[in-house]
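> need coordinates for the following:
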Amino acid sequence: PRPCARSVQAPRQPDARRAGPMTRIPYGRIWLSLLVALFLQLVALPDTIAAARPLWLPLLLVYWALAEPRVPSLVAAFVFGIMLDVLYNTILGQHAMGFVVLVFFMARMRGVFILFPLWQSTVGLVPFWAGYCVLMALIDDLSKHRADVWLRWLPALSSTLFWPLVYTLMDGAQRRHSRE
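Numbering: from 1, shown residues only. Below is the predicted model:
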């Protein structure tokens, strides 16, 4: 054998278990943040401000769909939608369908939204929040569950106003964790 001859091996693919913290998917933080959002969605508020409650679960689902494209966010949307349907005693699948549709369109539009500064993405999300509210209103109307018009649109408005806060907090936590 020649001393300088080496066997040629194919380059090794990185192993996900040994990858650095930048490549790991933060499943624990994702599920924990979604459970906190579920809790915030269920907290009893006074009647005067309950109608303006932000859509906490959709806010977090949209954040994770934009921040982590490798995460199966449609599965999380479906699971938490079914949980919310059971907890709110609504038609089974109503919120699940709304969450899945919202997250699907956000995942499809991710390439555009990650280029926007925060204020533009806030404005760009308004049609998505409104679409979610329209879908919920359609399902409620079909099931003979009538509500005041303002009750339909206040969550979209409050979610739009809370998006910069949610995004800043979640993105800061994500960056802090990736540096560790």
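> okay, the spatially closest residue to Ile91 that is not a sequence neighbour and Val101: tell me how far apart.
Once flanking residues are discounted, Ile91 sits nearest to Ser143: 5.5 Å by C-beta to C-beta, 6 or more residues apart in numbering. (Glycine included, C-beta is placed from N, CA and C.) Counting by C-beta to C-beta, to the nearest Å, the gap from Ser143 to Val101 is 17 Å.
> please enumerate the helices of the protein.
With DSSP state H, the ranges of helices along the chain come out as 27-42, 47-50, 56-67, 73-88, 94-108, 110-113, 118-124, 126-142, 149-179.
> turn these into a markdown table, columns for mean neighbour count and mean pLDDT.
Converted to a markdown table, the helices of the chain look like this (neighbours: other C-beta atoms under 10 Å; pLDDT from 0 to 100):
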| stretch | mean neighbour count | mean pLDDT |
| --- | --- | --- |
| helix 27-42 | 15 | 94 |
| helix 47-50 | 9 | 89 |
| helix 56-67 | 24 | 96 |
| helix 73-88 | 18 | 96 |
| helix 94-108 | 20 | 96 |
| helix 110-113 | 12 | 92 |
| helix 118-124 | 13 | 95 |
| helix 126-142 | 16 | 93 |
| helix 149-179 | 15 | 90 |
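> state the distance from the most centrally placed residue in the chain to Phe99.
The centroid of the chain falls nearest to Leu61 when counting by C-alpha atoms, centre = their mean (1.0 Å). Distance from Leu61 to Phe99, counting by C-beta to C-beta: 6 Å.
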